[in-house]
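A.B. asks: Sequence plus the predicted model coming up.
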Amino acid sequence: MFNQYDVIVVGAGHAGCEAANAAATMGSKVLLVTMNMNTIAQMSCNPAMGGVAKGQIVREIDALGGMSGIITDKSMIQFRMLNKSKGPAMWSPRTQSDRMRFAEEWRLALERNPNIDFWQEMVTGIIVENNTAVGITTGMGIEIRSKSVVLTNGTFLNGLIHIGEKQFGGGRTGEGASKGITEQLVQLGFESGRMKTGTPPRVDGRSLDYSKMEEQKGDEVPGKFSFSPSTTPLLQQKSCYITYTNPEVHAILETGFDRSPMFNGRIQGLGPRYCPSIEDKINRFSERTRHQIFVEPEGWDTVEIYVNGFSTSLPEDVQFKAIRKIAGFENAKMFRPGYAIEYDYFPPTQLSTTLETNLIQNLYFAGQINGTTGYEEAACQGLMAGINAHNKTHDKEPFVLGRSEAYIGVLIDDLINKGTDEPYRMFTSRAEYRILLRQDNADIRLTAKGHKLGLASDERLKNVEEKKRSVSKLLNDIRQKKIDPDKANPALAALGTAIIEHRTNYAKLLKRPQINIYDLPSFDEELANYLAKYDHEVLEQVDILIKYEDYIDKEEKLADKISSLENHTIQNDFDFDSISALSAEAREKFKKIKPSTIGQASRISGVSPADISVLMVYMGK
Ligand code: FAD
């Protein structure tokens with residue numbers, strides 16, 4: 001019934017979809033096995049993509065040739081560039097998405113890929129021969145063979161849902177839990193752990209009074225995620241709204257604390273620190289009289305509303321009573337209660353840089369199964385696992401991104417070297433090269449790599465090369481062109497910045513924080529005509545490169561210095577026991593994590609600079 005596949009992807013969440021698409025686009029024969037084909041690319045929690053650091057990841061996925069950016073553009077209902085008042089390292093695109101269209105667009109995109117077959121069933125085990133994954137077994141007892149397996153089970157592995165004192169098995173509300181895989185992997189020698197996450201109730205938008213809330217509109221000139229011209233920014237947008245909890249809401253919620261699985265010890269797993277439940281917020285910050293609630297539409301046509309900020313696993317009657325005391329929610333009708341879910345994950349220190357497991361060859365883990373949280377974090381791991389599963393089964397080089405190349409590189413490097421015991425989400429503060437890893441230059445950083453892999457199209461490469469040429473020409477011209485004080489000073493005075501005494505070049509003026517490249521046309525008509533030839537993306541790039549030149553130079557130099565350590569490779573079978581001068585902790589971590597370079601070894605938590613020196617001396621470096 002089944003052919004032998006190159007790659008079997010287990011799970012069609014954000015990680016699984018990207019993994020299947022990447023491997024299939026690169027030429028692998030892929031089978032995507034998922035428990036329910038009606039929930040492909042389901043947004044389990046909020047209907048939104050991107051945000052701080054996460055938006056950068058979506059841009060990176062897109063630049064490499066992944067699909068999350070395009071799917072998001074096709075299904076967004078609102079676009080905002082967050083942190084626009086801060087420096088460009090912090091600018092972060094975020095969309096509100098139409099949940100149903102997001103899932104539909106993903107499914108249609110996967111169905112259009114002739115290299116992807118589908119099978120709806122629960123995978124219960126992995127076929128392992130000679131320490132290598134060679135297929136899967138399903139609940140119906142079917143065996144399907146493949147050269148590699150990518151596991152992306154999300155929150156489903158032994159998932160346990162909690163609402164007040166009620167507890168039931170499930171991977172998400174209304175869907176069954178996945179059984180068998182954890183038990184088999186533990187038997188094979190894997191370490192597993194338990195985490196938890198939660199979601200707020202959903203309400204009927206027709207029952208809300210928006211006049212009591214603040215409107216939050218999308219950007220006046222909205223952008224989009226994908227660098228590809230195949231998508232366009234929104235012409236119309238839907239607003240979100242902001243309201244607040246109050247002491248009365250808190251008092252009602254507190255009446256349910258004794259029945260809360262969070263407080264009575266029934267939930268064991270650690271939850272996402274930066275996405276706490278409302279009961280957690282009230283408990284931890286008891287001095288605060290209100291917490292912000294974002295009222296987010298779930299789509300263009302549906303009336304369903306996501307109550308962002310009100311994640312809870314308190315009993316449903318307490319949720320209902322409390323929510324009705326929020327301004328604008330007095331007559332709210334609830335569609336679904338909030339809940340918490342506990343699930344198994346596998347500490348990611350058991351993975352190599354390609355997301356292949358150290359224990360079993362050709363077995364890859366991606367997404368929430370690795371202890372992360374969030375669609376974007378899952379999607380980028382899926383992309384990297386899909387690429388590497390394809391490359392390995394086609395005798396190609398592993399594809400790894402460094403910390404100075406992409407947030408994706410930071411995420412995987414953090415996971416495999418430091419591990420995580422609470423749900424890991426990306427922040428800009430996790431990246432040491434923030435000014436290099438901007439959302440605006442993800443295409444310049446990554447598209448050529450994606451094209452070389454066979455993932456990013458020729459058209460994408462052509463576009464980015466053209467962009468690079470235009471940026472370089474404009475940069476050069478702006479550095480050369482000079483303006484005399486007579487022309488510059490009226491404009492400078494109008495912008496509230498110091499006038500100039502002598503002729504000076506435009507680049508010097510652009511370094512001033514009060515002036516940006518869009519102001520230059522008001523300085524000089526000839527320059528205005530010249531700049532009109534360039535599109536917004538090129539102008540923005542030049543503005544950033546000039547303004548932040550010193551920071552960029554500094555980070556580039558540091559990245560070059562550090563990357564020299566990455567060139568010193570360590571063989572997979574290196575015998576760390578033979579170096580007696582290593583500390584016991586370093587030896588133990590090296591044996592477990594199997595770093596592939598000295599650079600990676602240096603970032604493992606608990607490894608000291610002295611251990612690295614010993615290692616380098618031993619290796620004759
Ligand atoms: P998922 O999206 O969970 O997809 C897993 C897929 O695997 C599903 O298609 C499932 O059917 C399939 N599957 C599982 N086991 C099997 C099997 N044995 N055989 C076949 N198919 C299988 N993220 C945040 O950033 N913030 C939040 O506040 C937040 N809250 C959340 C609340 C809840 C209740 C849930 C469920 C998730 C929440 N998330 C949150 C997490 C977010 O949904 C995930 O990070 C993201 O969806 C993970 O993507 P994934 O691809 O790893 O897994």
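C.D. replies: Cool, the structure landed. Predicted model, so just to flag it, every value in this text is computed and none were measured.

A.B. asks: how about the residues of the stretch 301-450 of the chain near the ligand?
C.D. replies: Residues of the stretch 301-450 of the chain lying near the ligand by CB under 6 Å from any ligand atom: 341, 367, 368, 373, 374, 375, 378, 425. (Each C-beta comes from the backbone N, C-alpha and C, glycine too.)

A.B. asks: any idea which of those is closest to the ligand?
C.D. replies: Nearest to the ligand, judged by CB to the nearest ligand atom, of those is residue 367 at 2.3 Å.

A.B. asks: tally of neighbours for the closest one?
C.D. replies: 32 (other CB atoms under 10 Å).

A.B. asks: How about residue 9?
C.D. replies: Residue 9 has 34 nearby residues by other CB under 10 Å.

A.B. asks: Please, which helix or strand holds it?
C.D. replies: Element membership of residue 9, judged by DSSP states H and E, is strand 5-10.

A.B. asks: now swap in residue 538 and tell me
C.D. replies: helix 536-547.

A.B. asks: pLDDT on that helix, on average?
C.D. replies: The predicted model gives helix 536-547 an average pLDDT of 95.

A.B. asks: sorry, back to before: can I get the CA coordinates of the strand holding residue 9 in CSV?
C.D. replies: This file holds the C-alpha atoms of strand 5-10, laid out as CSV (Å, rounded to 0.1, in the frame of the first residue of the first chain):
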residue,chain,number,x,y,z
TYR,A,5,9.5,7.4,1.5
ASP,A,6,12.6,9.6,1.9
VAL,A,7,11.1,11.4,4.8
ILE,A,8,8.1,10.7,7.0
VAL,A,9,6.9,13.7,9.0
VAL,A,10,4.8,12.9,12.0
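
A.B. asks: Following it in sequence, what is the next regular element?
C.D. replies: Of the helices and strands lying after strand 5-10 in sequence (DSSP H and E), the nearest is helix 14-25.

A.B. asks: how much does the helix or strand just after the helix holding residue 538 deviate in direction from helix 536-547?
C.D. replies: Later in the chain than helix 536-547, the nearest helix or strand by DSSP H and E is helix 549-566. When axes from the mean of the first three to the mean of the last three CA atoms, to 10 degrees is applied, the directions of helix 549-566 and helix 536-547 differ by 90 degrees.

A.B. asks: Buried residues of helix 549-566, list them for me.
C.D. replies: 552, 555, 559, 562, 565, 566 (16 or more other CB atoms under 10 Å).

A.B. asks: could you redo those residues as TSV and give each row distance to the ligand?
C.D. replies: TSV is the format used below for those (distance: CB to the nearest ligand atom, whole Å):
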residue	distance to the ligand
552	30
555	28
559	28
562	29
565	31
566	28
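
A.B. asks: Max pairwise distance over the residues you listed: which two?
C.D. replies: Greatest spatial distance in the buried residues of helix 549-566: 552 and 565, 21.4 Å, computed using CB to CB.

A.B. asks: sorry, back to before: can you list the neighbours in contact with the strand holding residue 9?
C.D. replies: Contacting residues not belonging to strand 5-10 are listed as 16, 19-20, 23-24, 28-34, 117, 123, 135-136, 144-153, 181, 382, 386, 389-390, 393-394 [CB atoms under 8 Å, 6 or more residues apart in numbering].
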